[in-house]
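Novice: Mind looking at a prediction? Sequence and model below.
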Amino acid sequence: MLSAQEALVLHNKVQTPENVIAHCTTVAKLARDLAGKLNRKNPEFNIDEDFVYIAGLLHDIGRSVSHGIDHGVIGARIIRTFMGDDDLAKRFARVCETHIGAGISPEEAEGLGLPAGDYIPQTIEEKLIAYADNMVEGDRVRDPEWAEERFRERFGNGLDSGGAVRRVADLNSFFKKLL
Ligand SMILES: [Fe+2]
């Protein structure tokens, strides 16, 4: 596993802004805490807590380049550039790509001008980082209800043809049942 120190070295290499690193650190800690809780309640999940922590630290590394919706795919590109394409690098890259909202469908990706692909989180680790990220405002932890409300305000006025708000609500209820 990559160490937290190595993840921070990578952030420094690409000059990720301080506030983004602070946000990533909060998301990483929250996601790791939640992973621990989930593992205690449901040992069969066997969530990789170390992976969740480091992936949380790296999930917004693309914001060293762009704060737009493309920061997920940019982050994945940064990971591949610096870490290659071994399994671990692929898993980190996938977290970058799938963490925005509750993921981006192929149809939405096309409409947003992103490279063709399915950016919906699949593994429980990917889902957990999206879930934790949605409830962190800057470096402050809010709650799932706040996250849902924020997405509803932003996309709920008929702009949500692709179901992004519904997916955030579904992701919240998925974890609510488990936690
Ligand atoms: Fe992000």
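Specialist: Everything's here; your move. Please read all numbers here as calculations on a predicted model, not as lab measurements.
Novice: middle-most residue in the chain, spatially?
Specialist: residue 99 (2.8 Å; C-alpha atoms, centre = their mean).
Novice: contacting residues around it?
Specialist: Residues counted as contacts of residue 99 (C-beta atoms under 8 Å, 6 or more residues apart in numbering) are 59, 60, 72, 121, 126, 129, 130, 133. Backbone N, C-alpha and C define where each C-beta goes, glycine included.
Novice: My read is that the fourth one contacts residue 133, right?
Specialist: I take that to be residue 121. No - the criterion here is C-beta atoms under 8 Å, and residue 121 misses it with residue 133 at 10.5 Å.
Novice: Could you list the buried residues of the helix or strand of the chain with the lowest mean pLDDT?
Specialist: Within the chain, no helix or strand scores below helix 144-155, which has a mean of 90 by mean pLDDT, DSSP states H and E. Under the neighbour-count criterion of 16 or more other C-beta atoms under 10 Å, helix 144-155 has 144, 147, 148, 150, 151, 155 buried.
Novice: Quick check: pLDDT value at residue 156.
Specialist: What the model reports for residue 156 is a pLDDT of 67.
Novice: Then the one 10 residues further on?
Specialist: Model confidence at residue 166, expressed as pLDDT, equals 90.
Novice: how many other residues sit next to it?
Specialist: 15 (other C-beta atoms under 10 Å).
Novice: Residue 109 now?
Specialist: Residue 109: 22 neighbours (other C-beta under 10 Å).
Novice: Look up how far residue 76 lies from it.
Specialist: Counting by C-beta to C-beta, to the nearest Å, the separation of residue 109 from residue 76 is 13 Å.
Novice: same check, this time on residue 42
Specialist: For residue 42 relative to residue 76 (C-beta to C-beta), the value is 29 Å.
Novice: Low-confidence stretches in this protein?
Specialist: 156-162 (pLDDT under 70).
Novice: can you give me the strands in it?
Specialist: For the chain, applying DSSP state E gives strands covering 136-137, 140-141.
Novice: The nearest residue to residue 28 once chain neighbours are set aside: neighbouring residues, count only.
Specialist: Distances taken as C-beta to C-beta, 6 or more residues apart in numbering place residue 56 nearest to residue 28, at 3.0 Å, with adjacent residues excluded. Neighbourhood size, residue 56 [other C-beta under 10 Å]: 29.
Novice: Now do the same contact list for residue 56.
Specialist: 24, 27, 28, 29, 30, 31, 32, 129, 132, 133.
Novice: Mind doing that once more with 10 Å?
Specialist: Contacts for residue 56 (C-beta atoms under 10 Å, 6 or more residues apart in numbering) come out as 7, 23-32, 35, 95, 99, 125, 128-129, 132-133, 136.
Novice: chain center to the top helix by length along the chain, what's the gap?
Specialist: Of all segments of type helix in the chain, defined using DSSP state H, the longest is helix 18-41. Distance of helix 18-41 from the chain centroid (C-alpha atoms, centre = their mean, to the nearest Å) equals 11 Å.
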